[in-house]
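In: Sharing a model prediction with you, sequence too.
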Amino acid sequence: MALTQRLEFRQSQSLVMTPQLMQAIKLLQLSNLDLTTFVEEELERNPLLERANDEPPAGEAPAETGQFSDSDGGHNDEPGGGPGEAFEPGQEEWMSKDLGTRAEIEQTLDTGLDNVFSEEPAEAAARNAQDAAPTTYTEWGGGASGDEDYNLEAFVAAEITLGDHLAEQLSVAFTGPAQRMIGQYLIDLVDEAGYLPPDLGQAAERLGASQADVEDVLAVLQKFDPPGVCARNLSECLAIQLRELDRYDPAMQALVEHLDLLAKRDIASLRKLCGVDDEDIADMIGEIRRLNPKPGMKFGSARLQTMVPDVYVRPGPDGGWHVELNSDTLPRVLVNQTYYSELSKKIGKDGDKSYFTDALQNATWLVRALDQRARTILKVATEIVRQQDGFFTHGVAHLRPLNLKAVADAIQMHESTVSRVTANKYMATNRGTFELKYFFTASIASADGGEAHSAEAVRHHIKQLIDSEAPSAILSDDTIVERLRASGIDIARRTVAKYREAMRIPSSVQRRRDKQSALGNVLSTAMPDRSRNTEPA
C-alpha cells in the first residue's frame with residue numbers, strides 16, 4: 001500500500017454549540033419568573049439594552065448624550081431660570097466659572113463666607129424649622145399626602161414566624177450558653193408545620209454534646225407555645241397536647257400509639273386495645289379530632305408565588321379556539337442603536353470599541369432569542385390545542401393520548417425543543433389552568449381494537465366509578481377492571497391499583513369502613529330527631 005499526499009474537499013454539516021445558541025436553548029425551558037430575572041440581570045449588565053416602556057415623563061425632554069463631554073466642564077448650556085427670567089451676560093459668565101473650594105473662595109475674598117453671605121432672620125428661622133424634629137404624625141410621613149414615595153406598607157408590622165416565636169421563649173427558658181445553643185439548633189430544624197426530624201442522633205454529634213443533653217433540651221422545647229410543637233411525629237404531637245389538657249391517661253395513650261388503626265376505621269381493634277366501650281371510644285376519637293395536628297401552621301410561612309399562565313385559550317367566534325400569548329409575561333427589551341452610534345464616534349480605545357461591539361451583539365441576540373421563544377411557545381401551544389380539541393370541548397374524558405413526537409413532527413421541530421418549551425409553562429383554558437405537559441399522556445389500548453384511550457381519561461373514569469359507588473356495594477379493583485373493559489378500555493388490575501394510589505384513593509376495604517362509618521353517623525344523628533318529632537297517635 002503506497003502512502004501519498006493529496007488534497008480533498010468535503011462538504012459536511014455539523015452543529016456548533018456556540019455560547020449564544022446554548023443560552024437560547026436555556027431560555028426555552030425557563031419559566032416566566034426565571035425569564036424576568038434573567039432579563040433584569042442582562043439590563044443591568046448591558047448598557048445598550050433598555051426596556052421598551054422606558055420613556056421620559058410627560059413634559060420632560062429626554063437627555064441627550066451629545067450635550068455632555070469632559071472638555072466643557074460638565075455644565076449644561078440651558079439656563080436654569082424659570083419662564084420670563086433672563087440672566088445678564090456678566091452674571092451668566094460668573095455662574096459658569098468654577099469657584100473652587102471653600103478655602104480658596106475665602107482666600108480670594110480675604111474674609112470668611114459667613115461674613116459675606118450671612119443668613120437673614122427669615123432664612124435662619126426656616127433653616128431651624130427644617131432641622132427641628134417632626135412633631136406631628138403627618139410630618140413623620142404617616143399622614144396621607146400627595147408624595148409619590150409614600151408607602152403604606154412601611155407601617156405594617158412584620159409577620160412573626162414560628163422560629164422567632166420559639167426563639168423568644170428559648171431566651172427565657174435557658175440561661176446556660178450550651179443549652180441555648182442546643183435549643184437554637186433544634187429550633188432551626190423545625191419545619192413550618194412545627195415538627196422536628198424523626199432522627200436527632202446527628203444533632204448531638206454536630207454540636208459535640210451528649211444525647212442526654214439534647215433530650216433534656218428537647219423536653220423543654222416541647223412545652224413551648226403552641227402546644228404540640230417540636231414533636232417528631234404525629235403521635236408525639238397529639239400526646240403533648242393531651243398532656244397539656246391533662247387527658248393523657250392509659251386508654252388515650254393506647255389510642256395515640258395506634259393511629260394507623262384509627263386511619264383504617266378499625267374501631268373494634270381500637271376498643272379492644274384501649275379497654276373501653278363504644279361510647280368511650282367515640283368520645284376519645286372526638287377529642288383527638290379537636291387537636292391541632294400541625295401547630296406551626298398558624299404562624300407566618302414563606303409566601304407562595306401565584307402561578308401566571310403563559311398562554312390563553314379562548315373560544316373563537318367560528319366555533320374553534322383562539323390561542324394567544326400572555327403579554328404580561330413577555331419581557332419587552334430594545335437595543336439602543338442611537339446610543340451605540342453616538343458612542344462609536346467618541347470612543348478611541350480599541351478595548352472600549354470591542355466591549356461595546358460585543359454588547360451590541362449580545363443585545364441584538366437577546367431580542368431575537370426572546371422573539372423566537374415567544375413564537376415557539378405559541379406554535380407548540382396551538383398544536384396542542386388542535387390535537388386536544390375534544391378535551392376543550394367535552395372535558396377530560398375526551399383527552400387523547402399524545403406524545404412529544406406527534407407535536408414535533410406536526411410543527412417540524414425536534415422533540416427536545418418541544419420538551420423544553422412545555423417545561424414550566426402553563427395554559428389558561430375554560431376548564432382551568434394546566435401545565436403544558438399535562439396534555440401529554442400515555443395511551444391505553446382499547447378492548448375492542450378501536451382508538452386508544454388516554455391514561456388521564458382512564459384515571460378520570462376510575463375516579464367517577466369510585467365516587468358513584470354505594471356504601472353497600474364497594475367496587476374492588478377487579479370489579480373496576482371488568483367495568484372498564486365493558487366500556488372498551490383494556491387495562492390490568494395492577495394498573496388500576498397504581499392509578500388509584502396515585503389519586504390517593506384508599507382500597508376497597510378502607511372505603512367500605514369509611515362509608516359505613518359515615519352512614520352510621522348520619523343515622524345516629526337522624527334517629528333522635530325522628531323520635532323527638534314523632535307523637536303517639
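Out: On my side now, so go ahead.

In: C-alpha from now on. contacts and neighbour counts both.
Out: Noted.

In: what about the stretch 101-250 of the chain, any weak spots by pLDDT?
Out: 101-158 (pLDDT under 70).

In: Longest helix in the chain, by number of residues?
Out: As assigned by DSSP state H, the longest helix anywhere in the chain is helix 350-387.

In: List the buried residues in that helix.
Out: Neighbour-count burial for helix 350-387 flags 356, 359-360, 362-367, 369-370, 373-374, 376-385, 387 (criterion: 16 or more other CA atoms under 10 Å).

In: Check stretch 402-417 too.
Out: 402-405, 407-408, 415, 417.

In: Then stretch 317-324?
Out: 321, 323-324.

In: which residues are in contact with that stretch?
Out: Contacts with stretch 317-324, where a contact means CA atoms under 8 Å, 6 or more residues apart in numbering, come from 311-316, 378, 381-382, 385.

In: mind listing the strands for the stretch 301-450 of the chain?
Out: For the stretch 301-450 of the chain, the strands defined by DSSP state E, counting those that start in this stretch cover 311-315, 321-325, 333-335, 426-429, 432-435, 443-444.

In: strand partners of the second one, parallel vs antiparallel please.
Out: This means strand 321-325. Sheet pairing of strand 321-325 (DSSP bridges) gives strand 311-315 (antiparallel).

In: Measure how the partner strand sits relative to helix 350-387, angle-wise.
Out: Between strand 311-315 and helix 350-387, the angle comes out at 30 degrees (axes from the mean of the first three to the mean of the last three CA atoms, to 10 degrees).

In: For strand 311-315, the averaged confidence score.
Out: Averaging pLDDT along strand 311-315 gives 92.

In: So what touches it?
Out: 321-326, 378, 381, 426-430.

In: okay, among the residues you listed, which ones form the most distant pair?
Out: Within those, 378 and 430 form the most distant pair, 17.8 Å apart (CA to CA).

In: hang on, the earlier thing: quick one: which of the contacts of strand 311-315 is nearest to residue 442?
Out: Nearest to residue 442, judged by CA to CA, of these is residue 381 at 18.8 Å.

In: any idea how far the nearest residue to residue 197 once chain neighbours are set aside is from residue 276?
Out: Nearest residue to residue 197, sequence neighbours excluded (CA to CA, 6 or more residues apart in numbering): residue 232, at 5.8 Å. Plainly put, residue 232 is 28 Å away from residue 276 if you go by CA to CA, to the nearest Å.

In: quick one: which of these two has more around it?
Out: Remark: of residue 232 and residue 276, residue 232 carries more neighbours, 17 against 14, as counted by other CA atoms under 10 Å.

In: Would you agree that one is in contact with residue 198?
Out: Yes. Between residue 232 and residue 198 there is a contact at 4.9 Å, judged by CA atoms under 8 Å.

In: Can you get me a residue count around residue 3?
Out: Residue 3 has 5 nearby residues by other CA under 10 Å.

In: if I look at residue 263, how far off is residue 446?
Out: 37 Å.

In: Looking at those two, which one has more neighbours?
Out: The neighbour comparison of residue 263 against residue 446 (other CA under 10 Å) goes to residue 446, with 17 against 11.

In: ok, that one - contacts?
Out: 452-453, 488-490.

In: repeat that for 10 Å
Out: Residue 446 is in contact with 452-453, 484-485, 487-491, counting by CA atoms under 10 Å, 6 or more residues apart in numbering.

In: Please verify my assumption that residue 36 contacts residue 51.
Out: No. Using CA atoms under 10 Å, residue 36 makes no contact with residue 51, being 11.8 Å away.

In: which neighbours do these two share?
Out: Both residue 36 and residue 51 are contacted by 331-332, under the criterion CA under 10 Å, 6+ apart.

In: pLDDT below threshold where in this protein?
Out: For the chain, the ranges with pLDDT under 70 are 1, 15-16, 53-158, 300-305, 348, 448-449, 518-537.

In: Please report how far residue 453 lies from residue 400.
Out: Taking CA to CA, one finds residue 453 at 6 Å from residue 400.

In: residues shared between the contacts of the two?
Out: Common neighbours of residue 453 and residue 400, counting by CA under 10 Å, 6+ apart, are 441-443.

In: Out of those residues, which end up buried?
Out: Buried residues within the shared contacts of residue 453 and residue 400, counting neighbours by 16+ other CA under 10 Å: 441, 443.

In: got the shared contacts of residue 453 and residue 400 as TSV, with distance to residue 509 columns?
Out: Shown next, in TSV, are these (distance: CA to CA, whole Å):
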residue	distance to residue 509
441	30
442	29
443	30
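
In: what's near enough to touch residue 291?
Out: Residue 291 neighbours (CA under 10 Å, 6+ apart): 227-228, 237-239, 241-242.

In: Same question for residue 515.
Out: By CA under 10 Å, 6+ apart, the neighbours of residue 515 are 265, 470-472, 474, 521.

In: Kindly recompute the last result at 8 Å.
Out: Contacts for residue 515 (CA under 8 Å, 6+ apart) come out as residue 471.

In: cool, and residue 441?
Out: 400-403, 454-456.

In: Nearest to residue 218 among the residues you listed?
Out: residue 456 (46.6 Å).

In: What backbone torsions are found at the closest residue to the closest one other than its chain neighbours?
Out: Setting aside the residues directly before and after it, residue 456 is nearest to residue 441 in space (CA to CA, 6+ apart), at 6.5 Å. Backbone torsions of residue 441, given as degrees, to the nearest 10, read phi -130, psi 160.

In: Isn't residue 426 up against residue 326?
Out: No. Using CA under 8 Å, residue 426 is not in contact with residue 326; the gap is 10.3 Å.

In: what about these two, which has more around it?
Out: Neighbour totals were compared for residue 426 and residue 326, and residue 426 leads with 22 against 15 (other CA under 10 Å).

In: Now do the contacts for the more buried one.
Out: 308-311, 433-436.
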